[in-house]
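Return atomic coordinates for the entry below.
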Amino acid sequence: MTTEVRVGGVGMTPFESDSGRSLTNLAATAAERALDDAAVDLNDVDALHFGNALAEALDESAGLANALAAALGLDGASADRIENTSATGASAFHRGVDRIERGEADAALVVGAEKMSAGDTRSVTEAISRLVHRREYAQGITLPSFGGLAAGAYLDRHDAPREALAAVAAKNHANAVDNPVAQFRKSIDVEDALDSPVVAAPLRLYDCCPMSDGAAAVVLTRAGDADADAATADTGHPPAPRVAGVASATGTHAVAERPDPLSIDSVRTAGERVFDRAGIRPDDVDVACIHDAFTVLELIELEELGFYDAGTAWEATLDGDTALDGDLPVNPGGGLKARGHPLGATGLSQIVELVWQLRGDLPAGRRVDGAETAFAINVAGFGNNSVCTVLRA
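Reported below is the predicted structural model:
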């Protein structure tokens, strides 16, 4: 019988364009907040998993998990670093869940952090450009290039208006306005998005996520552990959400080799696996965090995951179905687009947001009332790898 894993506590730093803090300091702050939220003593943590994607590319030091353990004063626990490009955070979460399910840990601290301001715009852009296949990189193709090509293909194939992409941006910015950890707490409308500078036609500036500093962390515990249950009761929160399923999948690395530019196999396969493991269907999900590095990806992923039929997610968005008060609230914290996208922390920030939603911690206007089942997808590159998670209240 598989051990049930709970998310006992969560913590984040604000996501910012330049935090002015070291990578280790960001990570330690998020970790301490998660431990405090979980009411778990540091001495009870027996596994530390640190997600970071770009440290070497931005001349940060190696041995990051060991440095974080030292900063926290954590001795005796196992510690490692996980890297899976822009899906690093969710992959670290997956590692922590796996350790507890296997009986190798009773309490795991999972932290994701990125300090993208450590490099200048050129060096960060160069590092992110290398996330694509090496042949595509050699030809000068970037992730925004793929985003623009996919967006153009989506609009053409489904006869969708350009306003459909702008509506995704406007919705996610609206959701971030009252989120104190969001990088962009600024409301925009569809016209603002349509009038912003072109990045990779038809994508414009407001269709693209920013570069960010920030950290997020979760404490995972074994359900039924008397000490962990007592700690959870001490927090004053409702019972800690449980991890109903985590699943990942790879897809064709070179985008040019995919038979259909609008088909992302890793997203579809990881989604099918996690729904099967959780014993649910897409219709059972009450709130979702979708990897919207570009607005078009929110639409494509919603369709690949089975939330909407092919070519209909744009209509659902324009109809308000994915708004905070819609049938399926998507990216209630602002998503990558407005909350920010510090690569190593993004997947964990999705988990943090969903835990807040499931516990009902948020004020009216930020809260999806009555949410019991939550879903997240964190994507590496342009779909080379995807990690999906289902949480239940």
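
In the protein, where is pLDDT below threshold?
Residue ranges of the chain with pLDDT under 70: 1-2, 133, 225-235.

now the strands: where do they sit in it?
5-12, 47-51, 78-82, 107-115, 198-200, 203-204, 213-222, 242-250, 287-289, 373-380, 385-392 (DSSP state E).

would you list those strands in JSON lines and tack on mean neighbour count?
Using the backbone N, CA and C atoms, a C-beta is placed for each residue, glycine as well. As requested, the strands of the chain are arranged in JSON lines below (neighbours: other C-beta atoms under 10 Å):
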{"stretch": "strand 5-12", "mean neighbour count": "26"}
{"stretch": "strand 47-51", "mean neighbour count": "27"}
{"stretch": "strand 78-82", "mean neighbour count": "18"}
{"stretch": "strand 107-115", "mean neighbour count": "31"}
{"stretch": "strand 198-200", "mean neighbour count": "16"}
{"stretch": "strand 203-204", "mean neighbour count": "23"}
{"stretch": "strand 213-222", "mean neighbour count": "30"}
{"stretch": "strand 242-250", "mean neighbour count": "20"}
{"stretch": "strand 287-289", "mean neighbour count": "26"}
{"stretch": "strand 373-380", "mean neighbour count": "27"}
{"stretch": "strand 385-392", "mean neighbour count": "26"}
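
Gly306: what's its closest spatial neighbour, skipping adjacent residues?
Spatially, and ignoring its direct neighbours in sequence, Gly306 is nearest to Pro282 (4.4 Å; C-beta to C-beta, 6 or more residues apart in numbering).

pretty sure that neighbour contacts Glu304?
No. Pro282 lies out of contact with Glu304 (C-beta atoms under 8 Å); the separation is 10.7 Å.

joint contacts of these two?
Common neighbours of Pro282 and Glu304 (criterion: C-beta atoms under 8 Å, 6 or more residues apart in numbering): Gly271.

Look at those two and report which has more neighbours.
Between Pro282 and Glu304, Glu304 has the larger neighbour count (other C-beta atoms under 10 Å), namely 26 against 15.

Quick check, Leu362 in contact with Trp356.
Yes. The pair Leu362 / Trp356 is scored as a contact, 5.4 Å apart, by C-beta under 8 Å.

higher neighbour count, the two?
It is Trp356, of Leu362 and Trp356, that has more neighbours when counted by other C-beta under 10 Å, with 22 against 17.

sorry, back to before: in JSON lines, list the strands of the chain along with distance to Ala182.
Output for the strands of the chain, formatted as JSON lines (distance: least, C-beta to C-beta, whole Å):
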{"stretch": "strand 5-12", "distance to Ala182": "10"}
{"stretch": "strand 47-51", "distance to Ala182": "20"}
{"stretch": "strand 78-82", "distance to Ala182": "25"}
{"stretch": "strand 107-115", "distance to Ala182": "16"}
{"stretch": "strand 198-200", "distance to Ala182": "21"}
{"stretch": "strand 203-204", "distance to Ala182": "20"}
{"stretch": "strand 213-222", "distance to Ala182": "10"}
{"stretch": "strand 242-250", "distance to Ala182": "25"}
{"stretch": "strand 287-289", "distance to Ala182": "13"}
{"stretch": "strand 373-380", "distance to Ala182": "17"}
{"stretch": "strand 385-392", "distance to Ala182": "21"}
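
and Ala138, how many neighbours does it have?
A count of nearby residues for Ala138, using other C-beta under 10 Å, gives 9.

Measure how buried the residue nearest to Ser123 when sequence neighbours are not counted is and give me the count.
Nearest residue to Ser123 in three dimensions, chain neighbours excluded: Leu58, at 6.7 Å (C-beta to C-beta, 6+ apart). As a burial measure, Leu58 scores 19 neighbours (other C-beta under 10 Å).

who touches Leu58 in this structure?
Each residue near Leu58 by C-beta under 8 Å, 6+ apart is listed here: Lys115, Met116, Ala118, Gly119, Ser123, Val124, Ala127.

try Glu163
Contacts of Glu163 by C-beta under 8 Å, 6+ apart are Val190, Leu194, Leu318.

Need those in CSV (columns: neighbour count and distance to Pro14).
Shown next, in CSV, are those (neighbours: other C-beta atoms under 10 Å; distance: C-beta to C-beta, whole Å):
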residue, neighbour count, distance to Pro14
Val190, 19, 27
Leu194, 17, 29
Leu318, 18, 31
